[in-house]
Every structure is written in C-alpha cells, then in structure tokens.
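>>> 3D, please:
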Amino acid sequence: MNKKQKHAQNLIDFIYESPSPYHVIANAKKELLSNGFSELKLIEKWNIKKSGKYFVSQNNTSLFAFIVGNGEIEESGYKIVAAHSDSPSFKIKPSPEISVADKYLKFNTETYGGPILSTWLDRPLSLAGRVSVKGKDLLNPLTYLVNIKEPILVIPNLPIHFNRTVNEGIALNKQIDMLPVTAIINKELNTELLLARTISKEINVPVEDILEVDLNLYDFAKGSIIGLNKEFISSGKLDDLAMVHAGLTAILDAPVCKSSNVLAIFDNEEVGSRSKQGAGSPILKNILKRIALVQGKNEEDFQRAIYNSFMISADMAHALHPNHPDKHDPVNKPVINGGPVIKIEGNQKYTTDSDSSAVFEMICKEATIPYQKFVNRSDMLGGGTLGNVSAGQLEIRSVDIGNPMWAMHSIRETSGVDDHTYMTKALSSFYKIN
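Have a look, this model is predicted:
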C-alpha cells in the first residue's frame, strides 16, 4: 500500500468510526487533544494566547479548531477551512416500534436530508447517535454516545414478482417503503420499549432514566479501496467526511503563522444549515469575534480582521459520470483523481468568484497539485453548500471547492485515492501561508 492509499485507508477508518455527527466530533476532539490542542467551553471565560492551539464545540455535532496567529489579528485575519459533519440518513422517531401482523417488528423513521432512497434497500444497517439521560441538573441532562456495532436492521426491497415494472423506475414512499425491520416477533421477544431496552444495555443506564434519543441509521459495511489499480475509495459519508478528514489532517500539521488558522466543522448542511450549529447561524462569527476580543481587540479591529480573511468552503463535487456524461457541462467535466474541483455558479449557489478562484488556483500551483473546475449544465440547477450560507453571516472572501465523486447522497459513494491526498496537500498549503 503506497502513501496515497494509506491516507485513503485512514479516511475509511475515520468514517467507519464516525457513524453519526456526534461520533465525527468526538473523534476529531481525540485527534486534536492528542496533538496539543486544548478544549474551550462556550459557557466559560476564555484565556487564549498567541500561538496557542484550541477548539470549541457547539451541541457536540459542530467543532471549531483554531491556532492563534502570532501577528496582529486586524492585519493578518483568519484562514478558514469549512466542512460539515452530517450526511443524508434516516432518524429514529419517538416510540419507534411498529408491529407488522404480529410477526415482524420494524422501527419508525423519518428522512434526514436527501438520500438516494433505493441505495438503502437490502443492506445490513445499524444505529448510532446520542442518548439523553436523566441527571441531577434539570437544564443539563446527561448524554451518552451510542453505536450499536452490529447489523440489526434491514429495509427489504419488494420482489420483482410483486412489481414487474420495478426496473422501469419506482417511486419509494418514505413512510411505507423505507422503514427498517429489526426482528421477528416470538414468545421470547418483548416488543415493548425494545429500542430503549437495547440502548439501556449499551450504556448501562436504567430504561426509565432514558429521556430522548437522537439516532440515525448507517451502513454497517465498512468502506474499501477498490478498482483494478486500487484507485477508488468506496464508502458512505464521503460527502462530507472526506473534507472533514482532509481539513483535520491539515490543521494538525499547520504551523503558527501571522494569521489565525481555523477549521470549522458545521452540522446540518444537508437540511439547510439553519440551526444553532449550522453555517446559517452566527456561531462562526461569534467565535471569530471572541478570539479577537479576548486578545484585547475592539469591534473595529474585528471588522478589519474579517476583511483580511479568506475561507475555503470544502464540500464534495460531482465527477464526470461514466454512464451519463450528458448530465455535465460540455466543457467543464471534472474527473476522479484529476485534482480538487473549484465549483462555480453564476447565480451565487457557490461563493466562488474570479478573485477567490484565482487564490485557490495559486494554492494548488504552489502545492504542485492539479485542479479542475465544475459548472452545471446551463439547463440544470445545482445545490448550494456552506459557503453561500455562511456568507449571510460573514462577508469573507470565499471559494467553494471539493473532491470529485460519483453517486453523491448514495449510501455508498465513490471518490479518488489520489484526490484525497491532493486535497489534504492543498489545505495544508493554505494553512502554511504566512
């Protein structure tokens, strides 16, 4: 296994150990703490110093790590990489147990984000997330991370004999077709509070103390490196944990510079970012301002810092599809392992403009890595991402980029081994600009 493949395998391992946004942030915290970063709390007074390494979390599904620059912040500003911790999935509803003809037991779910529904059928699935438990402080319940490391669920497809036109296309109903089955009902199975009792065993807490759960389904099968020449990464959650992993790797390797280096991992991008931990909230703005204020700076200094800053919004991009090249722009068609993709959209779904694109191009050239550009077909609408949402809070120069991939929002996505190293190298080069 060469260096690029080892880096890709590290990504696959990171994704496998991060089956929910809560686990993403917990694993990021472990890496930061073991590499000299200190954790700050939003509710506590901050005492930070130049050249210090810190991080803070909101809701334990978002994280903001930063290395305080040794220059004056109003002159040197911030260098920010932004990514997101969430992926399309299914969330468990309250009182989820549903009996089917007294023979099967399934769980009630709702869709989170925009998954490709059919890809979730007939796969071994499990559950992961956060559990809130009764504590002594009424305003602060105890919380536990849960990852049921067994394939306990499946969403069965309807056989072709019951739907002869299935290969001509099928509309799946999220309430009818997408509920996962977990068990056969028999005399030994107590279906009442089955999920709560399962969680109770996992965290060793009485069932009656479990108050709420925030659990999502995930593909139990681990990702892998595939292809005749081992050139592809096949895994769930590449959108956007590949960018989280690249950004985290880069900031762990980042030196102290005049400017302050920042890694922002938001949550809830897949549902519009309109949450207290999302890019549409003032969370990043407040943290950046706090970094300035605790160093004795004033509001004008902070405003100057913002206008001296630059952000790379890192979310995955679409690669040329081998079976549907007609879905792409006739000229700008990024390919897997062709390098990071600069995403452009004239109607401002992406924040990229000629200035910010030129900056990222120079970063790639300095790092001696290839880069590509993506523009939608003119008769197709694309999606937005972190950059244009966060621009509503912070008027920072920004570019939207990402690695090319196939099957975005599938339970199993595909990207390139070489590209993950390219992206990590680009973000590292960005952080090293003095």
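>>> use CA for all of it now, contacts and neighbours both
Fine.
>>> Using the three-state scheme, assign the residue of the chain most remote from its centre.
In the chain, the greatest distance from the average C-alpha position (C-alpha atoms, centre = their mean) is reached by K187, at 41.9 Å. Following DSSP: H, G, I helix; E, B strand; the rest coil, the label given to K187 is coil.
>>> Can you check the pLDDT for I233?
We have a pLDDT of 98 for I233.
>>> Using the three-state scheme, assign it.
strand.
>>> can you count the residues close to it?
27 (other C-alpha atoms under 10 Å).
>>> quick one: it from F430, how far?
For I233, the distance to F430 equals 24 Å [C-alpha to C-alpha, to the nearest Å].
>>> can you pull out the strands in the stretch 151-300 of the chain?
181-184, 210-219, 224-226, 232-235, 260-266 (DSSP state E, counting those that start in this stretch).
>>> Export these to TSV and append columns for distance to M1.
As requested, the strands of the stretch 151-300 of the chain are arranged in TSV below (distance: least, C-alpha to C-alpha, whole Å):
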stretch	distance to M1
strand 181-184	38
strand 210-219	25
strand 224-226	10
strand 232-235	13
strand 260-266	29
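>>> which stretch among those strands comes nearest I92?
When the strands of the stretch 151-300 of the chain are compared by C-alpha to C-alpha, strand 210-219 sits nearest I92, at 5.7 Å.
>>> Give me the contact list for that closest one.
19-20, 89-92, 94, 123-134, 196, 200, 236, 411 (C-alpha atoms under 8 Å, 6 or more residues apart in numbering).
>>> just the helices in the stretch 51-200 of the chain please.
73-76, 194-203 (DSSP state H, counting those that start in this stretch).
>>> so of these, which one's packed in deepest?
The highest mean neighbour count among these, using mean count of other C-alpha atoms under 10 Å, belongs to helix 73-76: a mean of 21.
>>> Tell me the pLDDT of the residue farthest from the centre of the chain.
Note for K187: predicted pLDDT of 82.
>>> Compare the helices of the stretch 51-200 of the chain and give me the one nearest T352.
Smallest distance to T352 across these (C-alpha to C-alpha): 21.6 Å, for helix 73-76.
>>> now for that closest one, which elements pack on it?
The contact analysis (3 or more C-alpha pairs under 8 Å, 6 or more residues apart in numbering; DSSP states H and E) places helix 73-76 against helix 299-307.
>>> Just say which of the strands of the stretch 151-300 of the chain is most tucked in.
It is strand 260-266: most buried of the strands of the stretch 151-300 of the chain by mean count of other C-alpha under 10 Å, with a mean of 27.
>>> Out of the strands of the stretch 151-300 of the chain, the one nearest N347 is which?
Nearest of the strands of the stretch 151-300 of the chain to N347, taken as C-alpha to C-alpha: strand 260-266 at 23.5 Å.
>>> If you average the pLDDT over that closest one, what comes out?
98.
>>> next one: stretch 293-305
96.
>>> How far does it sit from its chain's centre?
How far stretch 293-305 lies from its chain's middle: 30 Å, per C-alpha atoms, centre = their mean, to the nearest Å.
>>> what does the least confident helix or strand in the chain by mean pLDDT contact?
Lowest mean confidence among the helices and strands of the chain (mean pLDDT, DSSP states H and E): helix 386-390, at a mean of 78. For helix 386-390, contacts defined as C-alpha under 8 Å, 6+ apart pick out 82-84, 269, 273, 279-281, 312-315, 348-351, 398-400.
>>> try stretch 145-163
Contacts for stretch 145-163 (C-alpha under 8 Å, 6+ apart): 19, 22-23, 120-131, 166, 177-182, 199, 202-203, 220.
>>> Tell me which residue lies nearest the centroid of the chain.
Central residue of the chain (C-alpha atoms, centre = their mean): S85, 2.7 Å from the mean position.
>>> how close does that residue sit to D326?
According to C-alpha to C-alpha, S85 and D326 sit 31 Å apart.
>>> try I148
Counting by C-alpha to C-alpha - I148 and D326 are separated by 42 Å.
>>> how many neighbours does V256 have?
Applying other C-alpha under 10 Å, we find 21 residues neighbouring V256.
>>> which residues does it contact?
With C-alpha under 8 Å, 6+ apart, V256 has these contacts: S51, I67, V68, G69, N70.
>>> Apply 6 Å and report the result again.
Applying C-alpha atoms under 6 Å, 6 or more residues apart in numbering to V256 gives the contacts S51, G69.
>>> That one and S398, how far apart?
Distance of V256 to S398, given as C-alpha to C-alpha: 22 Å.
>>> can you check K258 too?
According to C-alpha to C-alpha, K258 stands 19 Å off from S398.
>>> And these two? Which one has more around it.
S398 (26 against 21).
>>> dump the residue contacts of the more buried one.
Contacts of S398 by C-alpha under 6 Å, 6+ apart are F310, M311, I312, T351, S356.
>>> mind running it again at 8 Å?
F310, M311, I312, S313, T351, T352, S356, G387.
>>> What is the nearest of those to V375?
Closest to V375, out of all of those and judged by C-alpha to C-alpha, is T352, at 11.0 Å.
>>> my read: that closest one touches V359, true?
No: if you go by C-alpha atoms under 8 Å, T352 and V359 don't touch, sitting 10.2 Å apart.
>>> Same drill for those two, tell me which one is more crowded.
Neighbour count, other C-alpha under 10 Å: between T352 and V359, T352 has more, with 25 against 18.
>>> Okay, and the more buried one sits in which element?
Under the criterion DSSP states H and E, no helix or strand holds T352.
>>> Phi and psi next, for it.
Main-chain dihedrals, T352, degrees, to the nearest 10: phi -60, psi 130.
>>> gap between it and I363?
T352 is 15 Å from I363, by C-alpha to C-alpha.
>>> circling back: show me which of the contacts of helix 386-390 are buried.
Among these, those classed as buried by 16 or more other C-alpha atoms under 10 Å are 82-84, 269, 273, 279-281, 312-315, 349-351, 398-400.
>>> what residues are up against the residue nearest to W120 when sequence neighbours are not counted?
Excluding its sequence neighbours, the residue lying closest to W120 (C-alpha to C-alpha, 6 or more residues apart in numbering) is I411, at 6.1 Å. Counting by C-alpha under 8 Å, 6+ apart, I411 touches P115, I116, T119, W120, D219, S235, G236, K237.
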